[in-house]
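K.L.:
coords please:
(4 chains)
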Protein chains: 2
Amino acid sequence: MITKKAEYAIIILAELATYPNDTVLTSREIAASRSIPVNLVIQLMPLLHKAGWTTGTRGASGGIKLSIDPAIITLREVIEKVDGTISITRCLLSSQPCGNKSHCSLRDIWIKAQNKMLSVLEEVSIKELAQAIARDN
Amino acid sequence: MITKKAEYAIIILAELATYPNDTVLTSREIAASRSIPVNLVIQLMPLLHKAGWTTGTRGASGGIKLSIDPAIITLREVIEKVDGTISITRCLLSSQPCGNKSHCSLRDIWIKAQNKMLSVLEEVSIKELAQAIARDN
DNA sequence: TATAATATAACCAATTAAGTTATATATTGC
DNA sequence: GCAATATATAACTTAATTGGTTATATTATA
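P.N.:
Next up is the predicted model:
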């Protein structure tokens, strides 16, 4: 399952993408405006920084801002960064078919189903999501 | 995530669908030929019976057989019978958007991605899977 | 130098997943 | 009738995962 942490990461990035370029928000502000536990925002940020999507500055008047165009960050990337490789079944967690078989028909179906799902998550960028959310409000 | 139990249930049904109509197999035979723990086959069978897909007869020379055409059992049905409603995110476990909102853009995306996945699992029947497996061997 | 902010790691409780164990019940064949 | 074999069902165990908390260190500003 896609975890809440991955979902939170997406929401954090979308929140940042809502404001003009180079807007700095504190973890606390992001947490408050999106109803995410502050601790989780703080916990997630280093991961998003390492991915190259955001930068954080410490100290008073510090905060977080986007460091790349949110139009090129896809939901799939964010999920995989936070949760690791996505797998709809335990079977797909391993890169090989089980039982030393070279081929497995059921595995083929899992892969096909999963790829359909991933293609949707790959087509949507953080920017598009932020715009959709803005339209809703 | 789709559990191993759901995967086992699919494999059990496909195994039964491999043989001519009304073929009776014991739990032990199914378990042995598909490398599934016997206990799990035994544990799963009542569920498959209740779904109307199989029937079991007790006693010596008893066993399990299909009770309907495997061409009309879809993988999605089997998974949902064993695992309950499928959800790729915790968000989709509830039938309502969270936070008392009437609408949520991110939820829309989860639903779209999940439906793409489900449509693949809905298109494949136990019979088709059994045939594909037979071809592989 | 006090304060405010991020960085990082360690920890905890609840749930889920996978599998095991135990017992009851039914049916067949001798 | 009775032993053997098979399903039916529930309870239990173990390990991993998830969601979240706590604690501490580090940095930068006013």
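
K.L.:
contacts for the longest helix along chain A?
P.N.:
As assigned by DSSP state H, the longest helix anywhere in chain A is helix A:105-123. Applying CB atoms under 8 Å, 6 or more residues apart in numbering or on different chains, the contact partners of helix A:105-123 are A:74-76, A:79, A:86-89, A:91-92, A:97, B:2, B:7, B:10-11, B:14, B:75, B:88, B:109, B:112-114, B:116-121, B:124, B:129, B:132-133, B:135-136. Using the backbone N, CA and C atoms, a C-beta is placed for each residue, glycine as well.

K.L.:
could I have it exported to PDB, CA atoms only?
P.N.:
Taking C-alpha atoms only, helix A:105-123 is exported to PDB below (Å, rounded to 0.1, in the frame of the first residue of the first chain):
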ATOM      1  CA  SER A 105       1.700 -16.200 -15.900                       C
ATOM      2  CA  LEU A 106       0.300 -14.800 -12.700                       C
ATOM      3  CA  ARG A 107       3.300 -12.500 -12.200                       C
ATOM      4  CA  ASP A 108       2.700 -11.200 -15.700                       C
ATOM      5  CA  ILE A 109      -0.700 -10.100 -14.700                       C
ATOM      6  CA  TRP A 110       0.500  -8.400 -11.500                       C
ATOM      7  CA  ILE A 111       3.000  -6.500 -13.500                       C
ATOM      8  CA  LYS A 112       0.500  -5.400 -16.000                       C
ATOM      9  CA  ALA A 113      -2.000  -4.300 -13.400                       C
ATOM     10  CA  GLN A 114       0.700  -2.500 -11.500                       C
ATOM     11  CA  ASN A 115       2.100  -0.700 -14.500                       C
ATOM     12  CA  LYS A 116      -1.400   0.600 -15.400                       C
ATOM     13  CA  MET A 117      -1.600   2.100 -11.900                       C
ATOM     14  CA  LEU A 118       1.900   3.500 -12.100                       C
ATOM     15  CA  SER A 119       1.300   5.100 -15.400                       C
ATOM     16  CA  VAL A 120      -1.500   7.200 -13.900                       C
ATOM     17  CA  LEU A 121       0.800   8.300 -11.000                       C
ATOM     18  CA  GLU A 122       3.500   9.100 -13.500                       C
ATOM     19  CA  GLU A 123       1.300  11.300 -15.600                       C
END
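
K.L.:
tell me the angle of it relative to helix B:105-123?
P.N.:
In terms of direction (axes from the mean of the first three to the mean of the last three CA atoms, to 10 degrees), helix A:105-123 departs from helix B:105-123 by 160 degrees.

K.L.:
average pLDDT for the helix or strand harbouring A:E80?
P.N.:
Secondary structure assignment for A:E80, by DSSP states H and E: helix A:75-83. Helix A:75-83 shows a mean pLDDT of 97.
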